[in-house]
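**Q** requesting a structural model of the entry that follows:
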Amino acid sequence: MQTIAQPRLYTVPFLLICVSHFLFGASFNMLIPELPAYLTSLGGAEYKGLIIALFTVTAGISRPFSGRLTDTVGRVPVMIIGTLVCVVCSLLYPILTTVTGFLLLRFFHGFSTGFKPTASTAYAADIVPMQRRGEAMGILGVSMNAGASIAPPVGSWLAQTWSLNAMFYASSGIALVSIFILLNLKETLTDRQAFRPGLLYIHPRDVIENSAVAPAIVTLLIYFSYGTLLTIVPDQSEFLGIGNKGLFFTTFTLCSICSRLVAGKVSDRFGRVPVIKVAAVFTALALIWMGTADTPFTLLAASGAVGFGTGIGAPSVFAWVIDRTPDHRRGRGFATIYIALEIGIGSGALLSAWVYHNNPANFGSAFFVTALSSIAAAGYLQFRRGLR
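**A** Alright, predicted model coming up:
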């Protein structure tokens, strides 16, 4: 019996975009474990929830612009703009050393994730075979998550061994290498326009792509948990005696990578919605476990379980967007998803910081509230009719 060969996925452009995504993810994630303590040292302990929330606000605000520019000016220029923001902001952290200056930088740093992932996902969708979209989104997500996994402990090591400034400069340098890789990519948008200020005028139809609304709702509800992790777990790690606060992030991301490697393929075969339902329920149970963690081992294991659950859902959600969105509005479709993602992360950060209130006795409550959001995602998929 003759076997039909699958269309080729691992082309040079796809591998280059994955490497660039890896470095981009490493650049801004390597800072996260040390930022709560750094803000506390500046006198801003009560503003910990804003570390992630401000970042996600500007990421969300910029999505309609990045989606429109991705579909008009091109994928590559938008990717470069987003990564350049990482280069500049990381260089400025050692200079702006007041609470106000730090929060201002977090605000502008968010533009990076508002631009780069939107354009990268659209670029990847342009070049991968239709039959392997789920697999491709899984691999692209693995690339960024691998960077996010390796970099936080390295960032903590640099801060503890050398200085916080060394960590900031390393973050900037890694982003710069990502830009050099992007310069070698051929643009995939065929009907390009030269940039003009008028392209920054956003019509309401450019903010939300209707075909991506259902995936966006699910994304918001599931990624609520990520804001909680980024805000609470650095303090939880320190409370339980884990010296390198980046370890929880590594565990989370490595487990996410493991599930992403297979979840996209599974969704290509069995459908997006069934896989996302499993991801939402699994994540909710893992978050409840996270709230009960009372040893370093259980915290890291539970963190890994949360990562595994979100890793199951992510490639399926992004492939679902490609399935539902017209090609000429693909950038806007991904912008819609990322707006929802940023709202979820930012809301999770703010609510969990409020519930936690810098009191270790409230760790459990913060995670139990967050688990309800993932349950809501599963409920939406179960009871909303006509989803496919």
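**Q** count of neighbours near R196?
**A** When counting by other CB atoms under 10 Å, one arrives at 10 neighbours for R196. For the C-beta atoms, the positions are set from N, CA and C on the backbone; glycine is no exception.
**Q** quick one: contacts for it?
**A** R196 is in contact with no residue at all, counting by CB atoms under 8 Å, 6 or more residues apart in numbering.
**Q** over to T58?
**A** For T58, counting by CB under 8 Å, 6+ apart, the contacting residues are 107-111, 114.
**Q** ok, E46 next?
**A** E46 neighbours (CB under 8 Å, 6+ apart): N358.
**Q** from L254, how far off is L164?
**A** Separation of L164 from L254 (CB to CB, to the nearest Å) stands at 25 Å.
**Q** ok, now R75?
**A** Separation of R75 from L254 (CB to CB): 29 Å.
**Q** quick one: the helices in the protein?
**A** Secondary structure of the chain (DSSP state H): helices at 12-29, 35-41, 48-72, 75-92, 99-127, 133-161, 164-182, 204-207, 213-239, 247-270, 272-292, 296-324, 330-356, 363-383.
**Q** how many neighbours does the closest residue to Q131 other than its chain neighbours have?
**A** Once flanking residues are discounted, Q131 sits nearest to P7: 6.1 Å by CB to CB, 6 or more residues apart in numbering. P7 has 10 neighbouring residues, counting by other CB under 10 Å.
**Q** now do the contacts for P7.
**A** Counting by CB under 8 Å, 6+ apart, the residues that P7 touches are 129, 131-132.
**Q** contact partners of stretch 219-228?
**A** 52-53, 56, 279-280, 283, 287, 306, 310, 313, 317, 337, 340-341, 343-352, 366-367, 370-371, 373-374, 376-377, 380.
**Q** report the buried members of these.
**A** 52-53, 56, 279-280, 283, 287, 306, 310, 313, 317, 337, 340-341, 343-352, 366-367, 370-371, 373-374, 376-377, 380 (16 or more other CB atoms under 10 Å).
**Q** before we move on, back to that, the more surrounded of R75 and L254?
**A** Set side by side, R75 and L254 show more neighbours around R75, with 29 against 19, by other CB under 10 Å.
**Q** quick one: least confident helix or strand in the protein?
**A** Least confident helix or strand, the chain: helix 204-207 with a mean of 70, by mean pLDDT, DSSP states H and E.
**Q** what packs against it?
**A** helix 48-72, helix 330-356 (3 or more CB pairs under 8 Å, 6 or more residues apart in numbering; DSSP states H and E).
**Q** the longest one vs helix 296-324, what angle?
**A** Relative orientation of helix 330-356 with respect to helix 296-324: 150 degrees, computed using axes from the mean of the first three to the mean of the last three CA atoms, to 10 degrees.
**Q** kindly report the same for the first one.
**A** The directions of helix 48-72 and helix 296-324 differ by 30 degrees, with the same axes, to 10 degrees as the criterion.
**Q** list the buried residues for helix 48-72?
**A** Buried-residue list, helix 48-72, by 16+ other CB under 10 Å: 48-60, 62-72.
**Q** likewise stretch 81-90?
**A** 81-87, 89-90.
**Q** quick check: pLDDT value at T3.
**A** Here, the pLDDT recorded for T3 equals 42.
**Q** let me redo that: L240
**A** Reported pLDDT for L240: 89.
**Q** got the phi and psi for F195?
**A** Main-chain dihedrals, F195, degrees, to the nearest 10: phi -60, psi 140.
**Q** that one: how many residues sit nearby?
**A** F195: 13 surrounding residues under other CB under 10 Å.
**Q** got the contact list for it?
**A** So F195 contacts 69, 73, 77 (CB under 8 Å, 6+ apart).
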